[in-house]
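> A structural model of the following input is requested.
(2 chains)
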Amino acid sequence: MTFPLLSLIVFLPVAGAAVLMFLRNDDAVRWTALGVTVLDLALCIAMLAGFDTTTHEMQFTERRPWVPALGITYALGIDGISALFVFLTALLGLICVLASWVAIDRKVKAFMVSLLGMQALMLGVFCALDLFLFYVFWEAMLIPMYLIIGVWGGDGRVYAAFKFFLYTLAGSLLFLIGVIVLYFNGGETFDILALTAQDLPFRVQSWLFFAFLVAFAVKVPMVPVHTWLPDAHVQAPTAGSIILAGVLLKMGAYGFLRFSLPMLPEASMYYSTLMLALSALAIVYGGLLALAQDDLKKLVAYSSISHMGFVTLGIFALNLRGLEGGILQMFNHGVTTGALFLFVGLIYERTHTRSIADYGGLMKAAPVYTAFLALFTLSSMALPGTNSFIGELLVLSGGFAANLAAGAAAVFGALLGAAYLLGMYGKVALGPASVGGRYKIRDVNAREMAAILPLAVFVLWVGLYPKPFLNVIDVSVKHLLAHVQSKGSGQ
Amino acid sequence: MDPVISIRPLLAVAVAGLAAVAVLLLNNREKLRDIVSPLAATAMFAIVASMAPTVLAGGTVDLRLFEILPGIDFAFRVDALGMVFATVSSLLWIAAAIYSIGYMRHLNEHAQTRFFACFATSLAAAVGGAFAANLFTLVIFYEVLSLVTYPLVYHHEDEEGWAGSRKYLVYLMGASKSILLAALALTYHIAGSLDFVAGGLLAGSNASAPLLTVVYFCYLFGFAKAAVMPMHAWLPAAMVAPTPVSALLHAVAVVKMGVFCVLRLVFHVFGTGLVNGLGLGIATAYLVSFTILMASVYALTRDDLKARLAYSTVSQLSYIVLGAVLLSPVAMVGGIIHIAAHAFSKITLFFCAGSIYCASGKRNISDMAGIGRRLPWTMGAFFVASLSMIGVPPTAGFVSKWYLALGSVEAGEIAFLVVLLASSILNAAYFLPVSYVAFFGAEAPESPASGSPVPGSTATVREIPMVTIPLVATALLSVLMGVFPGYFLTLAEGVVR
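Numbering: from 1, shown residues only, chains lettered A, B, ... in the order given. So this is what the prediction gives:
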């Protein structure tokens, strides 16, 4: 039995949360939470250092019987695809603690416990190799997220939290039905790898595909089940927005990669055109919605719909470039949009307004803030040299190969992205000073810098030298693609 | 000839990048800060020149840094075409660096540190683009150039500045974000690589003709810096920038980056064979002919000198593209050397506009009556550069227009010969009156009572040495290139061969 590194990574935040319960001082709570997330990130880096990029096999696997009667095991393991997101989750976890340092000033302990609990569950989702275990983590995530939005959110938090809960729960119920169907059709096992090896009849695959689609599409979110997102993102506290955009949205796409594609390859190929169309719709419609926003946070929220459209477009292009681009874009979106929400939070803490019209000429008042905002804005609009450019180039290249029309729609969406992001940046940072006159704006301090810098590093690192990141996912993606193509066209 | 592996292409970029850092660090020490740019410019020119012998002999200087994606490297390759662009940019940076100091000091401009830092970074981007070995590297530098010139355009931070710079960014970013990105993705999809290949990267592809045509036009308009109509409107808008910026960036570095990209597209992405096979050459030639003539007509109607120069630039840039797409070797040579010919002359004209503004505060041609008698060196240089723009021997413009005209005959497309002639007449029509008014126009009368100059008078106007010397030098370059075009001709023939 090797050292259970993954269990440690997943449950360390839980242990940290348990320790927090005994602390009385808010500052002690903050520092402890920070320590836990730093340690967790360090473990993830150690995990990546020991990660073998030459095999698609699950690594760091752990397997213990849990409910043998039903074939449920406690099984963890990661391949290249999940490794990237385990790392992203741990990274954003740290950023979230830093982002909540002063923004959360009441019930600090409860907040940090929720945050750490959330992190543990998200890590669990990416590590689970047992469908039942996966479902437990997946559903349990709703609780801390509901609390984070509903307790520490903005004025409309209760409505937003409830809407978020309802949408996700509705999707999850269909997912549960799918899981049960899969269990009985796939040899009465919850082992994800065993289920992947099954050949299900096309009819079953189709039904399952749509059951999963609803569940995952809500999370991604894809149009038309996206309407929970702007409410939840806008009402959530900064850390909540970062988690939502950075990690939770990735869960849907991850679901496609882990379940829909490998377990339902025929259906995935059969319905890929539909998925490409839905993705293109999300890209364009999300972009148009973002263009119409006058609230900074809403703009970033709606931009996520458009950006996640690129992700699903890449995934359902079902070719190597598309898949790798889609997965890389998931990581990029986590970094960049996480950073943008962080920036929205920073400016909101200073001005208590999110209306774009209230800003202007911030460049003069807060040069460091606006310089980094420029970096992340450009990253979000996929300027060459930034992370998203690599992702979008791959996605578009794969998208064009799969379907020219979908590619063309995506290009139009990219143009919309440039429009709303540049427009936003111009109004906020450039032009004659507006906020600078009315508010006393403090530029970023050391703590805020500590949250910004790692994200900035990844923007440029992935943008200029994406090889290490692509290396991590490469073999797993190739294996997945070969699996889908051999099984999907086997009929 | 085996490529020479050398770090010099990177050094040339780095020296300008480091200059920008040095400028920022010397924020509070004005004299030292101002010396950085001319020094860096000279160093950059020396590095570029050191690679010239290799390239003139038909070789390349290569530097491969690292792999970005399979088939895409971050890499430099100095070839003949890149050498033309890099020589012009680095040489003219020396003149522009000195000129900027004179101009900015004389007008006591604000934010000079930002100005000089962005200026140096722009040059790093321009030369990086010139030396890029593939579309990916080229596009990175292309976008960096858009970004760092943006603060230069809004430099004055007034209403006009914000409006002009917004248009600037919207055009350049919009085009590159949508159609250029699409073109890149399609190219990567078709060819599996983004490298520049002699004879054309896409030459052997089995993609359908309509798709390739779409890709071609996506590039042509995506490289909005080339200002082919209707993607030209950003250039007149960018004239809100201080004149040294208009001079070096919007007559040399930025716009030449655009046409340089188009030439790369024709020569090394599609290849002349494919462009010809798809019938795109003549189509593009008609398109740019329209730009050549329309922009000249616009220029005629502008009284603001810089606006007139801007439209003239739009027109002249399309000469370069026209030469390339006529697809006859002589025309291609003409197009390529016009990069240099136009650069030397147009920078002179902009320098002159700045000199006039510094000395007299005048921007409109109609106010410049008699100013030639006060600013003989400036207006003399202006006249010489005008002749080059029109294409009068023995100036640089004559050489390139000669090749272009011969090339259109060689290509059997007499229509374009007519376009060239008509455009030359238009050039004369909008440039010569400026010189005429300046030298022979009646000055506004001085106020007889007080003896002090009335507004609009030119009595106190005199040359500013630090501004005048660079512009005389670039005017001389315009003539020198006309008399000794060998260097650029050799390079251009190296590209076409």
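
> ok, A:Ser206 - contacts?
Each residue near A:Ser206 by C-beta atoms under 8 Å, 6 or more residues apart in numbering or on different chains is listed here: A:Ala267, A:Tyr270, A:Tyr271. All C-beta atoms are positioned from the backbone trio N, CA, C, and that covers glycine.

> Pull the contacting residues for the second one.
If I follow you right, that is A:Tyr270. Shown in contact with A:Tyr270 (C-beta under 8 Å, 6+ apart): A:Phe202, A:Ser206, A:Gly488.

> let's see 7 Å
By C-beta atoms under 7 Å, 6 or more residues apart in numbering or on different chains, A:Tyr270 lies in contact with nothing.

> next one: the last one
In this structure, A:Tyr271 makes contact with A:Phe209, judged by C-beta under 7 Å, 6+ apart.

> again, only using 8 Å
A:Tyr271 touches A:Ser206, A:Phe209, counting by C-beta under 8 Å, 6+ apart.

> Repeat that for the first one.
For A:Ala267, the contacting residues are A:Phe202, A:Gln205, A:Ser206, A:Leu208, A:Phe209, A:Ser260, taking C-beta under 8 Å, 6+ apart as the criterion.

> That one - that's part of a strand, no?
No - under DSSP: H, G, I helix; E, B strand; the rest coil, A:Ala267 falls outside any strand and is assigned helix.

> how near is it to chain B?
Distance of A:Ala267 to chain B, given as C-beta to the nearest C-beta, to the nearest Å: 26 Å.

> How many residues are close by the residue nearest to A:Gly154 when sequence neighbours are not counted?
Closest residue in space to A:Gly154, ignoring its immediate chain neighbours: A:Gln235 at 4.6 Å, by C-beta to C-beta, 6 or more residues apart in numbering or on different chains. The local packing of A:Gln235 (other C-beta atoms under 10 Å in any protein chain shown) involves 24 other residues.

> Ok, B:Phe267 next?
23.

> what's near enough to touch the nearest residue to it once chain neighbours are set aside?
Nearest non-adjacent residue to B:Phe267, counting by C-beta to C-beta, 6+ apart: B:Val495, 6.3 Å away. With contact set as C-beta under 8 Å, 6+ apart, B:Val495 has these partners: B:Asp79, B:Ala80, B:Leu81, B:Val84, B:Leu263, B:Phe267, B:Met332, B:Ile336.

> picking up where we left off before, dump the contacts of A:Ser206 to CSV, plus pLDDT.
What follows is those, written out as CSV (pLDDT from 0 to 100):
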residue, pLDDT
A:Ala267, 90
A:Tyr270, 91
A:Tyr271, 92
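
> phi, psi of the residue of the stretch 351-497 of chain B found nearest chain A?
Relative to chain A, the nearest point of the stretch 351-497 of chain B is B:Arg363 (23.4 Å; C-beta to the nearest C-beta). For B:Arg363, the backbone dihedrals (degrees, to the nearest 10) come out as phi -120, psi -20.

> B:Phe221 contacts B:Ala182, correct?
No - counting by C-beta atoms under 8 Å, B:Phe221 does not reach B:Ala182; the two are 10.8 Å apart.

> Between those two, which is the more surrounded one?
Higher neighbour count among B:Phe221 and B:Ala182: B:Ala182, with 24 against 19, using other C-beta under 10 Å.

> and the residue nearest to that one when sequence neighbours are not counted, what does it touch?
Leaving out its chain neighbours, the residue that sits closest to B:Ala182 by C-beta to C-beta, 6+ apart is A:Val411, at 4.2 Å. The contact partners of A:Val411, taken as C-beta under 8 Å, 6+ apart, are A:Leu396, B:Ser178, B:Ile179, B:Leu181, B:Ala182, B:Ala185.

> And for B:Ser424?
Residues near B:Ser424 by C-beta under 8 Å, 6+ apart: B:Ile390, B:Gly391, B:Lys401.

> Please pick the buried ones from the residues you listed.
With neighbours counted by 16 or more other C-beta atoms under 10 Å in any protein chain shown, those contain buried members at B:Ile390, B:Gly391, B:Lys401.

> taking the residues you listed one by one, which sit in helices?
Among these, the members found in helices (DSSP state H) are B:Ile390, B:Lys401.

> Would you format the contacts of A:Ala267 as CSV with pLDDT included?
Converted to CSV, the contacts of A:Ala267 look like this (pLDDT from 0 to 100):
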residue, pLDDT
A:Phe202, 89
A:Gln205, 90
A:Ser206, 91
A:Leu208, 91
A:Phe209, 92
A:Ser260, 90
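
> so which of these comes closest to chain B?
Out of the contacts of A:Ala267, the member with the shortest distance to chain B (by C-beta to the nearest C-beta) is A:Ser260, at 24.3 Å.

> what does the stretch 251-400 of chain A put close to chain B?
Applying C-beta under 8 Å from any C-beta of the partner chain, we find that the stretch 251-400 of chain A lies next to chain B at A:321, A:378, A:381-385, A:390, A:392-394, A:396-400.

> the helices in the stretch 201-350 of chain A, which residues?
Assigned by DSSP state H, counting those that start in this stretch, the helices in the stretch 201-350 of chain A fall at A:202-219, A:228-235, A:238-243, A:249-255, A:261-263, A:265-270, A:272-291, A:296-317, A:320-351.

> Tell me which of these sits nearest to B:Gly397.
Nearest to B:Gly397, of all the helices of the stretch 201-350 of chain A, is helix A:272-291, at 45.2 Å by C-beta to C-beta.

> on contacts alone, who are the packing partners of that closest one?
Helix A:272-291 sits against helix A:296-317, helix A:387-402, helix A:404-429, with contacts defined as 3 or more C-beta pairs under 8 Å, 6 or more residues apart in numbering or on different chains; DSSP states H and E.

> Using CSV, please lay out those helices together with mean pLDDT.
What follows is the helices and strands packed on helix A:272-291, written out as CSV (pLDDT from 0 to 100):
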stretch, mean pLDDT
helix A:296-317, 92
helix A:387-402, 92
helix A:404-429, 88
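
> burial measure for residue 352, as a count.
Just going to use chain A. Residues contacting A:His352 under the criterion other C-beta under 10 Å number 9.

> nope, chain B
The number of residues packed near B:Cys352 is 33, by other C-beta under 10 Å.

> hmm, back to that, which one of the residues of the stretch 251-400 of chain A next to chain B sits closest to chain B?
Using C-beta to the nearest C-beta, A:Leu396 is the member of these that lies nearest chain B, at 3.4 Å.

> Up against chain A, what does chain B have?
For chain B, the residues in contact with chain A (C-beta under 8 Å from any C-beta) are B:66-69, B:74, B:136, B:139-140, B:142-144, B:147, B:154, B:157, B:162, B:166, B:169-170, B:173-174, B:177-179, B:181-182, B:184-186, B:188-189, B:211.

> Kindly recompute the last result at 7 Å.
Contacts of chain B with chain A, taken as C-beta under 7 Å from any C-beta of the partner chain, map to B:66-69, B:74, B:139-140, B:143-144, B:162, B:166, B:169, B:173-174, B:177-178, B:181-182, B:184-186, B:188-189.
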